[in-house]
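K.L.:
Structure for this input, please:
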Amino acid sequence: MDISRRQLAAVVLASTAAAQAPPAPKPEPEADVDGARLQQRAAAQIIARVPLPMTIEPAFLFKA
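P.N.:
Below you'll find the predicted structure:
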C-alpha cells in the first residue's frame, strides 16, 4: 500500500481534529436524581405488594 506524504498528513490532521472535538454535554444532575427517585418509588411499590408476616426475621444481625 503506497501512501504519499500529503495523504499521510491529511489522515494525521483529520485524526487530531476529531480528537479535539468537544465532548457531548452531560445531562443535568437534577434529571439524574429525579430518574433515580422514580425508580426507587417504583421498586418500593413492588416490594410493598409482597405480604410478609411479622414473624419473619431479617437475614442479618445488628450488633452494638
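
K.L.:
Sketch out the low-pLDDT regions of the chain for me.
P.N.:
1, 17-21, 27 (pLDDT under 70).

K.L.:
Kindly list the longest helix within it.
P.N.:
Secondary structure of the chain per DSSP state H: the longest helix is helix 29-48.

K.L.:
What helices and strands are in contact with it?
P.N.:
On a contact count with 3 or more CB pairs under 8 Å, 6 or more residues apart in numbering; DSSP states H and E, helix 29-48 meets no helix or strand. No exception for glycine: its C-beta is placed from N, CA and C like everyone else's.

K.L.:
list the buried ones in it?
P.N.:
Judged by neighbour count (16 or more other CB atoms under 10 Å), helix 29-48 contains no buried residues.

K.L.:
Other residues contacting that helix?
P.N.:
Here helix 29-48 makes contact (CB atoms under 8 Å, 6 or more residues apart in numbering) with no residue beyond itself.

K.L.:
How far off centre is that helix?
P.N.:
The chain centroid and the centroid of helix 29-48 are separated by 15 Å, computed with CA atoms, centre = their mean, to the nearest Å.

K.L.:
Okay, the residue positioned nearest the centre of the chain and Ala44: tell me how far apart.
P.N.:
Among the residues of the chain, the one closest to the centroid is Asp32, at 9.4 Å (CA atoms, centre = their mean). For Asp32, the distance to Ala44 equals 19 Å [CB to CB, to the nearest Å].
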